[in-house]
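*Asks:* here you go, sequence then predicted model.
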Amino acid sequence: MKSVGRVLHSIGPLFILKSKKVKIRDLGTDAYIGDRKIGKIIELFGPVDNPYVKIVTRKDIKDRKKLVGKDVSIR
């Protein structure tokens, strides 16, 4: 698993992360916290060197605010 970054904000069904090293080819990839699938990467935005990542979360995730600060990874 490759670390993507840490959840900065939970806004409705979206998570915003400060990325470590995400590439355009990672768009559409499933995102995980531990072994739990949380959603998909849908957008990269901001500075090219250190972009932010937007993840749309799964509908069955109820406590999104509790996941702020957690590390997110992709496979």
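*Replies:* Here it is on my side, so go on. The structure presented is a predicted model; accordingly, all values stated were derived computationally and were not measured.
*Asks:* list the contacts for the residue nearest to the spatial centre of the chain?
*Replies:* Among the residues of the chain, the one closest to the centroid is residue 55, at 4.5 Å (CA atoms, centre = their mean). Listed by CB atoms under 8 Å, 6 or more residues apart in numbering, the contact set of residue 55 reads 14-17, 31, 38-42, 72. Heads up, the C-betas are built off the backbone N, CA and C, glycines and all.
*Asks:* turn the residues you listed into TSV, including secondary structure.
*Replies:* Output for those, formatted as TSV (DSSP: H, G, I helix; E, B strand; the rest coil):
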residue	secondary structure
14	strand
15	strand
16	strand
17	strand
31	strand
38	strand
39	strand
40	strand
41	strand
42	strand
72	strand
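*Asks:* from those, which two are the most distant?
*Replies:* 16 and 40 (14.2 Å; CB to CB).
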